[in-house]
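**Student:** 3D model of this:
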Amino acid sequence: MTIPKVLLIYTGGTIGMIEDNVVKSLKPFNFNQITNEIPELNKLNCQIDALAFQNPIDSSNVNFEIWTQIGDDIFRNYNEYDGFVVLHGTDTMSYTASALSLMFQNLSKPIILTGSQLPLGQVRTDGKENLITAIEIASMKRNKKAIIQEVAIYFENQLFRGNRTTKVSADHFDAFKSYNYPTLADVGVEINFNYSHLLRGSSKELYYKNKFDPGVLVVFFYPGIDVKSVIELIKNSSSKVIVFMSYGSGNLPTDKNLIQFIKSQANSKKIFLNVSQCIAGKVEQEKYETGLNLKKAGVVGSLDMTLELVIVKSMFLLNKYPFDNLKFKENFLTNLAGELS
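**Tutor:** Numbers count the residues shown, from 1 in each chain. Predicted coordinates for the structure are as follows:
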């Protein structure tokens, strides 16, 4: 029987650091010799190959080029491997997972991102378990098909749909949460998959698109904000998509000038989106008058999509439909990769 093959892609991040025995400081280790550093990987029933960025990055520096590099590496090797594990810094992992979920349509194999809060070179690292289990899950099959057929994040004993996650802690090992969608798997002594929550792969041919448009502006509202300054900011911005971070279920201050400005822009020039500052729940603009006014003015509510996903999805759709606001809005409210309920 042929054993599964998993490609490990190291982009950078805390997880890839070990202690230099000479100078006693942390340095990146050679992922081509990963089984030397983590011999437990030899016990997994799969072949592991490694591919490392020539210049590993801090995830705070992630951009379109990095997403494209990761995506191209996966796409180029897609037919050669049964699963993919991407090692990534935690700060922007949810953004990258969201991007990959849109870049790859009709997936039939797992793309699992993981990382750590402590380097592999530290005694109490969480990286070893995260890495081993991510690789094991990426190699697992049921009825000769991959169990996971989507982009996921594995962290601290839980497997999440990647585009549903948010980083919630800089200090704790359980750094990621998915408030609006259940876990895909919970890991203890056994790996327990929640099969009813998994995306099923398509029989269609894999479709890969790696283009984004940066024309997105996020505006965070707070009590006492100078609405006139907000209007001027939007007027002077070249960004086409404006994301309002609102209160609760999608409410903003009642301001006639803001509503009138949105109406004047929403039909042809700008696209206005509404995301809640709350990390759980959904935007329901019809619930209160302050939200209903936004809807009537042309603002599109984001339902239960995360902020990270909304930003990435907007950049993805803006490239795809640069001159068609209607198509943009239709696809924004369409479930492309399990990102909305």
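
**Student:** list the buried ones in the longest strand seen in the chain?
**Tutor:** Looking across the chain with DSSP state E, the single longest strand is strand 47-57. For strand 47-57, a neighbour-count test (16 or more other CB atoms under 10 Å) marks 48, 50-53, 56-57 as buried. The way it works is simple: take the backbone N, C-alpha and C, and place the C-beta from them, glycine included.

**Student:** just stretch 145-153 next, same as before
**Tutor:** 146-153.

**Student:** before we move on, what about stretch 310-327?
**Tutor:** Result for stretch 310-327 [16+ other CB under 10 Å]: buried residues 310-321, 325.

**Student:** Same check on stretch 259-270?
**Tutor:** In stretch 259-270, counting by 16+ other CB under 10 Å, buried: 259, 261-262, 265-266, 270.

**Student:** What ranges does this protein have for its helices?
**Tutor:** For the chain, applying DSSP state H gives helices covering 34-37, 64-76, 93-103, 127-139, 227-236, 256-266, 289-297, 307-320, 325-332.

**Student:** Show me which residues of the shortest one are buried.
**Tutor:** Judged by neighbour count using 16+ other CB under 10 Å, the buried positions of helix 34-37 are 34, 37.

**Student:** Could the C-alpha coordinates of that helix be exported in CSV?
**Tutor:** C-alpha atoms of helix 34-37 as CSV (Å, rounded to 0.1, in the frame of the first residue of the first chain):
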residue,chain,number,x,y,z
ILE,A,34,12.9,18.2,10.1
THR,A,35,12.8,14.5,11.2
ASN,A,36,16.2,15.1,12.8
GLU,A,37,14.7,17.8,14.9
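
**Student:** From the contact counts, what lies against it?
**Tutor:** Helix 34-37 sits against strand 47-57, with contacts defined as 3 or more CB pairs under 8 Å, 6 or more residues apart in numbering; DSSP states H and E.

**Student:** mind giving me the domain ranges of the chain?
**Tutor:** Per the record, the chain has its domains at 5-208, 216-332, by automatic domain parsing.

**Student:** now those as a markdown table including distance to residue 338?
**Tutor:** A markdown table is the format used below for these (distance: least, CB to CB, whole Å):
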| stretch | distance to residue 338 |
| --- | --- |
| domain 5-208 | 5 |
| domain 216-332 | 10 |
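
**Student:** Which one of the ones you listed lies nearest to residue 340?
**Tutor:** Closest to residue 340 of these is domain 216-332 (CB to CB; 5.1 Å).

**Student:** Can you check the distance spanned by the closest one, start to finish?
**Tutor:** End-to-end distance for domain 216-332: 14 Å, by CA to CA, to the nearest Å.

**Student:** got a list of contacts for stretch 260-269?
**Tutor:** The contact list for stretch 260-269 (CB atoms under 8 Å, 6 or more residues apart in numbering) reads 231, 234, 240, 272, 294, 297-299, 325.

**Student:** Using CSV, write out the CA atom coordinates for it.
**Tutor:** Taking C-alpha atoms only, stretch 260-269 is exported to CSV below (Å, rounded to 0.1, in the frame of the first residue of the first chain):
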residue,chain,number,x,y,z
GLN,A,260,-26.4,61.3,2.5
PHE,A,261,-22.7,60.8,1.5
ILE,A,262,-23.1,57.1,1.4
LYS,A,263,-26.1,57.4,-0.8
SER,A,264,-24.2,59.7,-3.2
GLN,A,265,-21.4,57.2,-3.5
ALA,A,266,-22.9,53.8,-3.2
ASN,A,267,-24.5,53.3,-6.6
SER,A,268,-21.5,53.9,-8.8
LYS,A,269,-18.3,54.9,-7.0
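
**Student:** these two touch, right, residue 231 and residue 256?
**Tutor:** No: using CB atoms under 8 Å as the test, residue 231 is too far from residue 256 to be in contact (11.6 Å).

**Student:** possible to save the buried residues of stretch 145-153 as a markdown table with distance to residue 215 and pLDDT?
**Tutor:** Shown next, in a markdown table, are the buried residues of stretch 145-153 (distance: CB to CB, whole Å; pLDDT from 0 to 100):
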| residue | distance to residue 215 | pLDDT |
| --- | --- | --- |
| 146 | 36 | 97 |
| 147 | 38 | 98 |
| 148 | 33 | 98 |
| 149 | 32 | 98 |
| 150 | 28 | 98 |
| 151 | 24 | 99 |
| 152 | 29 | 99 |
| 153 | 27 | 99 |
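
**Student:** Among those residues, name the ones in strands.
**Tutor:** 146, 151-153.

**Student:** Save these as CSV, and put in distance to residue 3 too.
**Tutor:** Output for those, formatted as CSV (distance: CB to CB, whole Å):
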residue, distance to residue 3
146, 14
151, 23
152, 22
153, 25
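
**Student:** and the domains of the chain, which one's lowest on average pLDDT?
**Tutor:** Ranked by mean pLDDT, the domains of the chain bottom out at domain 5-208, with a mean of 92.

**Student:** Can you measure across it, start residue to end residue?
**Tutor:** Note: domain 5-208 ends 21 Å apart using CA to CA.

**Student:** How far off centre is it?
**Tutor:** On the basis of CA atoms, centre = their mean, to the nearest Å, domain 5-208 sits 12 Å off its chain's mean C-alpha point.

**Student:** shouldn't residue 329 be in contact with residue 273?
**Tutor:** No: at 9.0 Å, residue 329 and residue 273 do not qualify as touching, with contact defined as CB under 8 Å.

**Student:** which of those two has more neighbours?
**Tutor:** Remark: of residue 329 and residue 273, residue 273 carries more neighbours, 24 against 16, as counted by other CB atoms under 10 Å.

**Student:** Noted, bye for now.
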